[in-house]
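**Student:** When you get a sec, could you give me coordinates for this:
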Amino acid sequence: MDPEKQLDVLMLFGYGQEKDASSGYNFPTVPATSIYPANTGILKKGEFFSNFKKKHTDEAARVYNYLISCDKFEDFVKAALYFKGILNEGLYLYALSVALAHRKDEHSFDIPFLWQLHPHAYFSNSRIKAALAHLQLVKPTVAESDIVSTFVTGTHRDPEFKVSWWREDVGLNWHHAHWHQVYPYAGIEINGKLTTKDREGELFYYMHQQMLARYDAERLAVGLLRVIPFDNWNIPIQEGYDSHLTNEYGTLQYAPRPSGMVLSDSYTDPTSPVTVHQQSYNWNRLLNAINTGKFQKKDNCYEDVNIENLGAAIESSVSSPNPDLYGSLHNNGHDLLSIITDPDGRYKQAMGVMGTTETSIRDPVFFRWHKYIDNLFVMHKNMLDPYSADDLGFKNITLEEISVKVNGCCDQKENVLTTRMEYVNVDIYQSMYQGNPQQSLQVSVYRVNHDEFEYNIKVNNAKRKNVKAAFRVFMAPSFDEHSDRFGLNEQRRWFIEMDKFVEELPRHATHEIKRSSKLSSVVKPPGLSIKDILKEVVERKRKSTKKNVESECVCRRERYCECGLPQNILLPRGTESGMRFDLFVMVTDWESDNCTDNLDQGTSYCGVKNQKYPDGRAMGFPFDRNIDVKFFTKFLDTFVDRFDNMLSVPITIKTMPTTKQTA
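**Tutor:** As a prediction, the model looks like this:
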């Protein structure tokens, strides 16, 4: 971390309008004349910014690509300050975040929790006002009575409320928003051309598919059906939702979506209407491309369909083979659902939470929409040949044992993991709230968490040389909503990636591995609050050692360390009596799989900055394709019995009584 650059970044996010004179901090002066790109400042301040409206994202792309292009950090700061003065608040925050994630000097500073930078997208206005009221009571410590209680968005009269805690998890919402900042579909400008990054289309598919698998596991645990795809747009949507969230000023509320609404054509922007019929045409054209295996390009030539260009076409990124022909199915679906209560703008109603990546996963219809989108990817995968024995095997490598156990619990049974629901106090203090910089603004949130655990793996290498091996760890519910055991070709869509790591196996030896759940490749390292970052700045200026929280991070700062699931969401909640899952571990040859180097935290969903995705295998391998029936009878255990480099074991996840804890 560069302390001065860190202070500049916090300033750009709105923190630290005043500095102590002794700090010697001088903020760069904004130039009197503008040298910045045209067609910026179009979206008015105070309005909602939508990641799914092309006009909004095109304006944001002009801004963040200019900020990325600034060679000198001081020029970047000057430009960002200029844009802060003219841009819509949400658009500015998005463009600044994208630029910071892609600048070459990104590893020189930390980004605070997104819910501190934009608390209104995560907490209701009533909770924020209540927290602000507590700031009037200046105390050296925060008493329990000074912590604002959790806001509840519904009641148990709504069946979907049973899993609202998961959809509304602030860390999970941060993950989704940050992923779309790391992979903006409007593209990053390289050598004058807008382009997407390595395997971005496949990552779009896989990140959302994994969210669906995790959400369905939580639904099964509370007795709900798995998500039903939103594939009939002419019938009312049974699930309703009200987030109670507002814009930055608390003046506009995200529109609630009552139960029973029907999708309608959108004419909120008369110059670019979005119609339900056009969406149907786009679906049919995409389906035709999948069935024929060919995309028709703008020049009327054809290219083979693969998971990468299919993801680009469905999301409609700048890498889409033909956006005029295949449209913008994913983004326009979000847009239509976000304005379903006022599709032609006659009541001047604000959009709903489906209109932005920061808030969309809160709504149950998000998962119904993405199950519909995911079905397109499944159709493509079903067109591919199943993996062969050579694809799946690893000669002379034998998995002998696998198990999991909670850390530090001598009396805890093997292969029994424990979770709990907890009330955690989070600090949402941000500089727009005047007061002591050391003051906390505490709000309680309700979330799932788990006891840390470790994988115990015993593997034998019978080869004559040491080998680098990739360990692929998944789990899936064993039984469906009817208490019937999943057949493998159905269950494979619900396998959750838990970890992926590399170990060197000594030749002619049995190797024992203990792997902590904290090191998972699908989670992000612990984040830092504004207060934590300021403390670190002081320590760096005094040339002190790094904070302990950084020493726990195995990823390198030049990689996307802010990307990935929050630690608390890694393990599904399970049930009080114990929910059975199948734990699956597979070992593959990393020397042939590897595209860059070893894996870090967050790389499964986000890859590596400015490099190829580290794993050359298909994302979700080996469960991304149909399993050849010659390798199994019906269930997972008969499949792994055919391959020495695989093992599965049934495990149980139990949820314990609710606790209180301070983050």
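
**Student:** Run through the neighbouring helices and strands of the longest strand along the chain.
**Tutor:** Longest strand of the chain, by residue count under DSSP state E: strand 646-662. Secondary-structure packing of strand 646-662 (3 or more Cβ pairs under 8 Å, 6 or more residues apart in numbering; DSSP states H and E): strand 397-406, strand 416-427, strand 579-589, helix 636-640. Placement of C-beta: from N, CA and C, glycine included.

**Student:** what's the most buried one of the ones you listed?
**Tutor:** Of all the helices and strands packed on strand 646-662, strand 579-589 carries the top mean neighbour count, a mean of 22, counting by mean count of other Cβ atoms under 10 Å.

**Student:** Tell me the strands beside it, with direction?
**Tutor:** Sheet pairing of strand 579-589 (DSSP bridges) gives strand 467-477 (antiparallel), strand 646-662 (antiparallel).

**Student:** To residue 37, which of those lies closest?
**Tutor:** Residue 37 lies closest, by Cβ to Cβ, to one member of the strands paired with strand 579-589: strand 467-477, at 43.5 Å.

**Student:** Report the next helix or strand after that closest one in sequence order.
**Tutor:** Moving toward the C-terminus from strand 467-477, the next helix or strand (DSSP states H and E) is helix 488-491.

**Student:** in that next one, what counts as buried?
**Tutor:** Neighbour counts over helix 488-491 (16 or more other Cβ atoms under 10 Å) mark 488-489, 491 as buried.

**Student:** Also stretch 260-274?
**Tutor:** So, applying 16+ other Cβ under 10 Å, buried residues of stretch 260-274: 261, 263-264, 266-268, 274.

**Student:** Kindly report the same for stretch 105-121.
**Tutor:** Across stretch 105-121, burial judged by 16+ other Cβ under 10 Å covers 106, 108-121.

**Student:** returning to that earlier point: could you export the helices and strands packed on strand 646-662 to TSV, including columns for distance to residue 194?
**Tutor:** What follows is the helices and strands packed on strand 646-662, written out as TSV (distance: least, Cβ to Cβ, whole Å):
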stretch	distance to residue 194
strand 397-406	43
strand 416-427	37
strand 579-589	35
helix 636-640	43
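
**Student:** for the chain, what are the low-confidence residue spans?
**Tutor:** By pLDDT under 70, the weakly predicted segments of the chain are 16-34, 135-148, 409-410, 429-439, 543-561, 597-598, 660-663.

**Student:** and the gap between the residue with the largest distance to the centre of it and residue 392?
**Tutor:** Distance from the C-alpha centroid of the chain, by Cα atoms, centre = their mean, peaks at residue 464 (41.5 Å). Here the criterion is Cβ to Cβ, to the nearest Å. By it, residue 464 lies 23 Å from residue 392.

**Student:** and if you look at residue 42?
**Tutor:** For residue 42, the distance to residue 392 - Cβ to Cβ - is 52 Å.

**Student:** Tell me which residues are up against stretch 207-223.
**Tutor:** Contact with stretch 207-223 is made by 162-163, 166-167, 176, 179, 225-227, 361, 367, 370-371, 373-374, 377, 476-477, 479-481, 493-497, 522, 569, 572-575, 579, 581, 605, 620, 655, as judged by Cβ atoms under 8 Å, 6 or more residues apart in numbering.

**Student:** Among residue 42 and residue 392, which residue is more densely surrounded?
**Tutor:** Comparing residue 42 with residue 392 by neighbour count (other Cβ atoms under 10 Å), the higher total belongs to residue 392, at 20 against 14.

**Student:** these two touch, right, that one and residue 625?
**Tutor:** No: using Cβ atoms under 8 Å, residue 392 is not in contact with residue 625, being 10.6 Å away.

**Student:** could you pull out the helices for the stretch 501-650 of the chain?
**Tutor:** 530-541, 548-551, 590-593, 603-606, 636-640 (DSSP state H, counting those that start in this stretch).

**Student:** so which of those is the most packed in?
**Tutor:** helix 603-606 (a mean of 26).

**Student:** and the buried residues of stretch 260-274, which of them are in strands?
**Tutor:** Per DSSP E, the subset of the buried residues of stretch 260-274 in strands is empty.

**Student:** Could you dump those residues into CSV with distance to residue 537 added?
**Tutor:** Listed next are those as CSV, based on distance: Cβ to Cβ, whole Å:
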residue, distance to residue 537
261, 48
263, 49
264, 51
266, 46
267, 50
268, 44
274, 46
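
**Student:** and residue 306, how many residues sit next to it?
**Tutor:** Residue 306 sits with 15 neighbouring residues when counted by other Cβ under 10 Å.

**Student:** Dihedrals phi and psi, it?
**Tutor:** The main-chain torsion angles of residue 306 are listed as degrees, to the nearest 10 and equal phi -140, psi 170.

**Student:** what separates it from residue 193, distance-wise?
**Tutor:** Distance check for residue 306 against residue 193: by Cβ to Cβ, it reads 21 Å.

**Student:** Ok, residue 520 next?
**Tutor:** Distance from residue 520 to residue 193, counting by Cβ to Cβ: 36 Å.

**Student:** So between those two, which is more surrounded?
**Tutor:** Using other Cβ under 10 Å as the criterion, residue 520 and residue 193 rank with residue 520 on top: 24 against 9.

**Student:** can you pull out the strands in this structure?
**Tutor:** Along the chain, counting by DSSP E, strands occupy 188-190, 193-195, 294-296, 302-304, 397-406, 416-427, 442-450, 453-461, 467-477, 496-505, 509-516, 579-589, 646-662.

**Student:** contacting residues around the second one?
**Tutor:** Outside of strand 193-195, the residues within contact range by Cβ under 8 Å, 6+ apart are 61, 65, 186-189, 318-319.

**Student:** Helices - which of these land there?
**Tutor:** 61, 65 (DSSP state H).

**Student:** so which pair among the contacts of strand 193-195 is furthest apart in space?
**Tutor:** Between any two of the contacts of strand 193-195, the greatest separation by Cβ to Cβ is 15.6 Å, found for 65 and 319.

**Student:** what's near enough to touch residue 533?
**Tutor:** So residue 533 contacts 6, 10, 110, 112 (Cβ under 8 Å, 6+ apart).

**Student:** cutoff 6 Å now
**Tutor:** For residue 533, the contact set (Cβ atoms under 6 Å, 6 or more residues apart in numbering) comprises residue 110.

**Student:** Check residue 243 too.
**Tutor:** Applying Cβ under 6 Å, 6+ apart to residue 243 gives the contacts 254, 353, 362.

**Student:** rerun at 7 Å
**Tutor:** By Cβ atoms under 7 Å, 6 or more residues apart in numbering, the contact set of residue 243 is 153, 254, 353, 359, 362.

**Student:** Quick one: those residues as CSV, columns for distance to residue 199 and neighbour count too.
**Tutor:** Output for the contacts of residue 243, formatted as CSV (distance: Cβ to Cβ, whole Å; neighbours: other Cβ atoms under 10 Å):
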residue, distance to residue 199, neighbour count
153, 35, 18
254, 33, 27
353, 29, 26
359, 27, 25
362, 28, 25
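
**Student:** which among those residues gets closest to residue 280?
**Tutor:** Distances from residue 280 to the contacts of residue 243, taken by Cβ to Cβ, are shortest for residue 353, at 24.5 Å.

**Student:** Spatially nearest residue to the closest one, not counting backbone neighbours?
**Tutor:** Of all residues not flanking residue 353 in the chain, residue 359 sits nearest, at 3.8 Å (Cβ to Cβ, 6 or more residues apart in numbering).
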